[in-house]
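[1] Provide a 3D model corresponding to the input given below.
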Amino acid sequence: MKISKMIYALLLVLPTVFGVQQAMQSSKSDLETPPVKLEWQSIQDIENLPKDKFTLVDVYTDWCKVCQVMEDKTMADEAFSAYLVSNYNLVKFNAEEKGKLSFKGESYEFKSNGKRGFNALAAELCLGRLAYPSFVILDKDLEVVDVLRGFKNVEKFKADLDRVMFAAANDDYSKD
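    Below you'll find the model as predicted:
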């Protein structure tokens, strides 16, 4: 008799316990927002991007260790990723792209330089000063507004981007 009462009590209590646990898990997941994933476009698609925002071009090379550290640290920051997605079209460009590229009616090819080389479009976007990583900010007409070079942590990168955007918005931008 005691066993049947115990089983009966368990049958009444267990669904309640599991229901509360499931409700707690679903309310917890409702509060969590999924991380923002950076979706980089290729350099070949740059002229087809929406014209409602500026464009940020990440000019990198496969061998660049600093580029990889920025990818793993700075770009992995969820708040910074959300900021980038909200404010920029994002383009990734391997500066050693060997294919022929077209940009704004011009054609750009790979230039050999010792053991390596670079695509002439990388040099054009970086205003003749190739350094990796470089982040080229283009306005809505795909004109270079500024080039930010080298490693940047989240705070420095966001401050630099905000400075450039503020100056561009106020039409008093000087690259000096």
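[2] show me what contacts V91?
    40-43, 45-46, 49, 55-58 (Cβ atoms under 8 Å, 6 or more residues apart in numbering). All C-beta spots, glycine's among them, are computed from the backbone N, C-alpha and C.
[3] inside strands: which ones of those?
    Judged by DSSP state E, the contacts of V91 include 41-42, 55-58 as members of strands.
[4] any idea how far S81 is from the one residue sitting closest to the centre of the chain?
    Geometric centre of the chain, nearest residue: L38, 4.2 Å, by Cα atoms, centre = their mean. Distance of L38 to S81, given as Cβ to Cβ, to the nearest Å: 5 Å.
[5] anything in contact with each of those two?
    Between them, L38 and S81 share the contacting residues M75, judged by Cβ under 8 Å, 6+ apart.
[6] OK, contacts around L101?
    Applying Cβ under 8 Å, 6+ apart, the residues near L101 are 43-44, 107-109, 119, 121.
[7] outline the domain layout of this protein.
    1-32, 41-169 (automatic domain parsing).
[8] distance between the longest one and the chain's centre?
    Put simply, domain 41-169 sits 10 Å off its chain's centre (Cα atoms, centre = their mean, to the nearest Å).
[9] measure it end to end?
    Here the two ends of domain 41-169 are set 24 Å apart, with distance taken as Cα to Cα, to the nearest Å.
[10] circling back: and the two most separated of the ones in strands among the contacts of V91?
    S42 and L56 (13.9 Å; Cβ to Cβ).
[11] more neighbours: which of these two?
    In this view S42 and L56 are compared by other Cβ atoms under 10 Å, and L56 has more residues nearby, 20 against 11.
[12] how about the residue nearest to the more buried one when sequence neighbours are not counted, what does it touch?
    The shortest distance from L56 to any non-neighbouring residue, by Cβ to Cβ, 6 or more residues apart in numbering, is to Y88 (4.2 Å). For Y88, the contacting residues are 53-56, by Cβ under 8 Å, 6+ apart.
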